[in-house]
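Asker: let's see this in three dimensions:
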Amino acid sequence: MNTSLAEESERKKTKRWAWITTAAYLILFPFLLMLAFASFMVFDRPNTSILFGFGLIFIYFLMPLSIPCTFYLVWSRYAQANYTQSRRFCWIPIWVIGAVLISFSMMDVVEGLFK
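Answerer: Residues are numbered from 1 along each chain as shown. Modelled structure (predicted):
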């Protein structure tokens, strides 16, 4: 009886987090996609190398592409009653955005070294 109450509480908490993150990421997705498509303008700067430019474009596209993956992982784990893992997967886009921001700052430092 006690384990079913705990499991029901976990299920409700996971469902609440899944819906909150789904709504937030659905709102965020079009803006991240527009940012990714605008990243092609990196080549408007004349001293941007091809490899550096394509690297930036790839990194920008990681942000919106992480959102559909998150939807699949969160809701499939929820359907399998793997609630802890489902809640953990809710944070994937935040981790990706953080990694992108860190990589951008590292690229600025490296680019500054070679000027």
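
Asker: all the helices of the chain, residue numbers only.
Answerer: 2-38, 50-79, 83-89, 92-113 (DSSP state H).

Asker: would you list those in JSON lines and tack on distance to residue 44, mean pLDDT and mean neighbour count?
Answerer: Placement of C-beta: from N, CA and C, glycine included. Formatted as JSON lines, these follow (distance: least, CB to CB, whole Å; pLDDT from 0 to 100; neighbours: other CB atoms under 10 Å):
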{"stretch": "helix 2-38", "distance to residue 44": "11", "mean pLDDT": "91", "mean neighbour count": "13"}
{"stretch": "helix 50-79", "distance to residue 44": "10", "mean pLDDT": "92", "mean neighbour count": "16"}
{"stretch": "helix 83-89", "distance to residue 44": "37", "mean pLDDT": "93", "mean neighbour count": "17"}
{"stretch": "helix 92-113", "distance to residue 44": "16", "mean pLDDT": "88", "mean neighbour count": "13"}
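
Asker: name the nearest residue to the residue most central in space within the chain, sequence neighbours excluded.
Answerer: Ranked by distance to the mean C-alpha position of the chain (CA atoms, centre = their mean), the top residue is residue 93 at 1.9 Å. Nearest residue to residue 93 in three dimensions, chain neighbours excluded: residue 66, at 4.8 Å (CB to CB, 6 or more residues apart in numbering).

Asker: look up how far residue 3 lies from the one you found.
Answerer: Noted for residue 66: a distance of 34 Å to residue 3, by CB to CB, to the nearest Å.

Asker: starting at the chain centroid, how far to stretch 18-26?
Answerer: Here stretch 18-26 is found 12 Å from its chain centre; the criterion is CA atoms, centre = their mean, to the nearest Å.

Asker: got the end-to-end distance for stretch 31-48?
Answerer: 25 Å (CA to CA, to the nearest Å).

Asker: these two touch, right, the residue nearest to the centre of the chain and residue 63?
Answerer: Yes: the criterion here is CB atoms under 8 Å, and residue 93 meets it with residue 63 at 7.1 Å.

Asker: returning to what we had before: list the contacts for the residue nearest to residue 93?
Answerer: Neighbour list for residue 66: 92, 93, 96 [criterion: CB atoms under 8 Å, 6 or more residues apart in numbering].
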